[in-house]
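**Student:** Task: produce atomic coordinates for the following.
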Amino acid sequence: MCFFPQMSSIMPVFPPFLFPFFIPWLANFAGKSKKTLESYKLYLYIICILLYNMPMHASSINNRETYWDTVKALLIFLVVFGHVIQFFIYQAEGSNDFWTDSVFKCIYLFHMPLFMFISGYFAAKSTSMHSWRSLTRYAWRLIPPCLSMGILLFLMSILKEQATIFAFYNGCTALWFLVVIFECLFFYLIMQLNDSWWYRSVAFISPILLALLIGNIPIMRHLWAHHHHFTYMWPIFVLGSYSHSLNFTSAQINWKWCAFLLPFVFLYCFFHSTWYVYLTPLKFNIKSFLIDLYRTLTAIAGSGVFLWLCKYVHRFIGKYSVVKNIGKATLALYVLQTVFFCKYEIIAPWLYKGVSYMGAFILSILLLGGFYASYAVISKVPFASLLLFGDRCFIDNKMRTQKYMNE
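**Tutor:** Just a heads-up that it's a prediction; the model follows:
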């Protein structure tokens, strides 16, 4: 009998104690030496045991649409996979050519915008139920991880004798996605103060103009470090929130959504490697607006294709607890993967560099498992869970503990 019965459903699929015996096969498949992967054996074994015994997320006791958990689980894997391509295929060799990598481009054209769409979709329900109180709730969920990240990276910079106040600030803004979600939620609540179309139009455009204005003031642009991410994500957040208000559900995603495939392939083929928001942020000129419109349309088309494909993938993997739980813990996994990739040369200097694509794929799966195993351990300490993963994970941990005590 499994010690944690909620994970017994994955036992027939993947008994974790058998994983180390697959090392020789993985060595040939990933193109690495057996000796290199043998050094991972203990690490892999610990991860598998922790994954096998990972706790059931408290939200699973509620009636929720598991399709979105599958989508988020696959998206957070793409986040890790994209970073592995960047750091372990290209930057490990001293190259920045990952911007031109076809797999990297395919991932980065839609994965974070789709995350923002989903955030707006579920934030709309929260704001409609709690109005401005939801801003406080989201602040407790999003701000503690950012502050903790700043402190953590500041302490790591001390090891390199490079400790400055900018190390703390850069650490706080390293979790840019959480910062942008909070900013989007703030401006979205302002937009909901009046129902008239002219007010909402002004409330929609004004934050973009404000971000552009601040971005053109050298002193101010450092205070709003990710204004360029905001201008890109804000329209997609609003699109997600209004999709919820129009009663959009996953049941409406069907075979007709394959219509997104052709425009995405077309936009993908003509997308230039310098048009990423990281390289070409929105500015006050026509060319910049056209580029931003192009990448927004590409993100929407790519998101449509991915949601359509996930509809079929969900039928096969959505029933497994490991997928559901990873999908419910994406905030925590995003924080942990950011910490890792910001300072991976300190955290895991032994990791193999210069991997192939298959090696990167396998490494991404192992890293994601390691991140979730770390989350499963840290979440058992309430105060640490609050600091690193926000109030939601802190509350879920208390609910989970109470649930098991009642049983």
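**Student:** now for the helix or strand hosting residue 172, which elements pack on it?
**Tutor:** Residue 172 belongs to helix 165-174 when elements are defined using DSSP states H and E. Under the contact criterion of 3 or more C-beta pairs under 8 Å, 6 or more residues apart in numbering; DSSP states H and E, helix 165-174 touches helix 133-159, helix 330-342. No exception for glycine: its C-beta is placed from N, CA and C like everyone else's.
**Student:** who's in contact with stretch 270-277?
**Tutor:** For stretch 270-277, the external contacting residues (C-beta atoms under 8 Å, 6 or more residues apart in numbering) are 99-100, 105, 108-109, 228-229, 232, 280, 291-292, 294-295, 298.
**Student:** Now, those residues that are in helices?
**Tutor:** Among the contacts of stretch 270-277, the members found in helices (DSSP state H) are 105, 108, 228, 229, 232, 291, 292, 294, 295, 298.
**Student:** Nearest to residue 380 among the residues you listed?
**Tutor:** The shortest approach to residue 380 among the ones in helices among the contacts of stretch 270-277 belongs to residue 229, at 32.9 Å (C-beta to C-beta).
**Student:** my guess is the closest one contacts residue 176, does it?
**Tutor:** Yes. When contacts are counted by C-beta atoms under 8 Å, residue 229 is listed as touching residue 176 (5.5 Å).
**Student:** Please say which of these two ends up with more neighbours.
**Tutor:** Comparing residue 229 with residue 176 by other C-beta atoms under 10 Å, the one with more neighbours is residue 229, at 21 against 18.
**Student:** Next, the contact list for that one, please.
**Tutor:** For residue 229, the contacting residues are 176, 177, 180, 277, by C-beta under 8 Å, 6+ apart.
**Student:** from these, which two are the most distant?
**Tutor:** Pairwise distances across the contacts of residue 229 peak at 12.4 Å for 177 and 277 (criterion: C-beta to C-beta).
**Student:** Next, residue 380: secondary structure please.
**Tutor:** Three-state call for residue 380 (DSSP: H, G, I helix; E, B strand; the rest coil): coil.
**Student:** Can you get me a residue count around residue 169?
**Tutor:** Counted with other C-beta under 10 Å, residues neighbouring residue 169 total 16.
**Student:** picking up where we left off before, filter the contacts of stretch 270-277 down to the buried ones and hand me the PyMOL line.
**Tutor:** Only the buried members of the contacts of stretch 270-277 end up in this PyMOL selection, burial being decided by 16 or more other C-beta atoms under 10 Å:
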select buried, resi 99+105+108+109+228+229+232+280+291+292+295+298
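**Student:** Make CSV from the contacts of stretch 270-277 and add pLDDT to it.
**Tutor:** Converted to CSV, these look like this (pLDDT from 0 to 100):
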residue, pLDDT
99, 92
100, 91
105, 95
108, 95
109, 95
228, 86
229, 91
232, 94
280, 87
291, 94
292, 93
294, 96
295, 95
298, 96
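**Student:** Distance to residue 146 added to the contacts of stretch 270-277, as TSV?
**Tutor:** Listed next are the contacts of stretch 270-277 as TSV, based on distance: C-beta to C-beta, whole Å:
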residue	distance to residue 146
99	26
100	31
105	28
108	22
109	26
228	18
229	14
232	19
280	26
291	29
292	26
294	30
295	25
298	28
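**Student:** For residue 252, state which of the contacts of stretch 270-277 is nearest.
**Tutor:** Set against residue 252, the nearest of those by C-beta to C-beta is residue 298 (22.2 Å).
**Student:** correct me, but that closest one touches residue 106?
**Tutor:** No. Look at residue 298 against residue 106 with C-beta under 8 Å: they stay out of range, at 10.5 Å.
**Student:** Please enumerate the shared neighbours of the two.
**Tutor:** Shared contacts of residue 298 and residue 106, defined by C-beta under 8 Å, 6+ apart, comprise residue 268.
**Student:** Okay, now the unreliable bits of the stretch 1-150 of the chain?
**Tutor:** Applying pLDDT under 70 to the stretch 1-150 of the chain picks out residues 1-64, 127-130.
**Student:** Helices of that one, residue ranges please.
**Tutor:** Under the criterion DSSP state H, counting those that start in this stretch, helices of the stretch 1-150 of the chain are mapped to 23-30, 34-38, 41-52, 66-84, 102-108, 111-130, 133-159.
**Student:** just those helices: most buried one?
**Tutor:** Mean neighbour count (mean count of other C-beta atoms under 10 Å) peaks for helix 66-84 among these, with a mean of 22.
**Student:** for that one, packing partners?
**Tutor:** helix 102-108, helix 111-130, helix 286-317, helix 321-328, helix 330-342, helix 357-378.
**Student:** who touches the shortest one?
**Tutor:** Right, helix 102-108. Helix 102-108 has contacts (C-beta under 8 Å, 6+ apart) with 78, 81-82, 85-86, 98-99, 268, 271, 273, 276, 302, 357.
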